[in-house]
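In: Sequence and predicted structure are below.
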Amino acid sequence: MADVMTLEEYKGPIARQKVAWVGDGNNVVSSWVHAIARLGGELVIACPESLSPDPDVLDWARAERARIKLTHSPEAAVEDASCVVTDVWVSMHDTDAGDRHNLLKPYQVNARLMALATPDAVFMHCLPAQRGEEVTAEVIDGPQSVVFDEAENRLHVQKGILMWCLAGPRA
């Protein structure tokens, strides 16, 4: 929800956006799939075949008629995107760090890849990031990066969800 809030803060309604996910088809991209299915927009996911998103999540999104595409080309995914998103290559539960680095190196978000997105595209990452792995320092620390606003928005969204949960029964 914080990612959607940040995207809309910078780019307007998500229903008018093309979001490019580049990297591991993990739980974070599954959240993006759900957001696009419910709120509109387009999501193009670029990942190695062996790290594709959960097929059940993709099947659900297709049944919902969500505009979701899967590719193995980061360049194809990012072309004309208004938002480029990635996540770490190795999560806490992953035990195959060496293999993941080899598979994901072509999916690094760098200046060359960002140049394929729209000129005013934003870069997002849920943090913490590994500079030099999934994203270069020039991108995450550059003018298109909105990662710190995204992190701040996580606090506001979580407060809103807590208030909703604690409001008690609704009539």
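Out: That came through fine.

In: tell me which residues form a beta bridge with the spatially most central residue of the chain?
Out: The geometric centre of the chain, computed from its C-alpha atoms, lies nearest to V85 (C-alpha atoms, centre = their mean), at 3.6 Å. According to DSSP bridges, the partner residues bridging V85 are W21, M124.

In: Let me see the contact set for it.
Out: V85 is in contact with 3, 19-22, 28, 32, 123-125, counting by C-beta atoms under 8 Å, 6 or more residues apart in numbering. For glycine as for every other residue, the C-beta is placed from the backbone atoms N, C-alpha and C.

In: List only those of the residues you listed flagged as buried.
Out: Buried by 16 or more other C-beta atoms under 10 Å: 3, 19-22, 28, 32, 123-125, out of the contacts of V85.

In: Model confidence score at A171, please.
Out: Looking at A171, its pLDDT stands at 59.

In: Outside of the longest helix seen in the chain itself, list whatever touches it.
Out: Assignment by DSSP state H gives helix 147-166 as the longest helix of the chain. In this structure, residues lying in contact with helix 147-166 by C-beta under 8 Å, 6+ apart are 1-3, 5-6, 9-10, 123-127, 129, 140.

In: same deal with stretch 59-71?
Out: Here stretch 59-71 makes contact (C-beta under 8 Å, 6+ apart) with 33-34, 36-38, 40-47, 52-53, 58, 77.

In: all strands for the protein, in order.
Out: Counting by DSSP state E, one finds strands in the chain at the ranges 18-22, 42-46, 67-71, 83-86, 122-125.

In: What is the first one packed up against?
Out: What that stands for is strand 18-22. The contact analysis (3 or more C-beta pairs under 8 Å, 6 or more residues apart in numbering; DSSP states H and E) places strand 18-22 against helix 27-39, strand 42-46, helix 74-78, strand 83-86.
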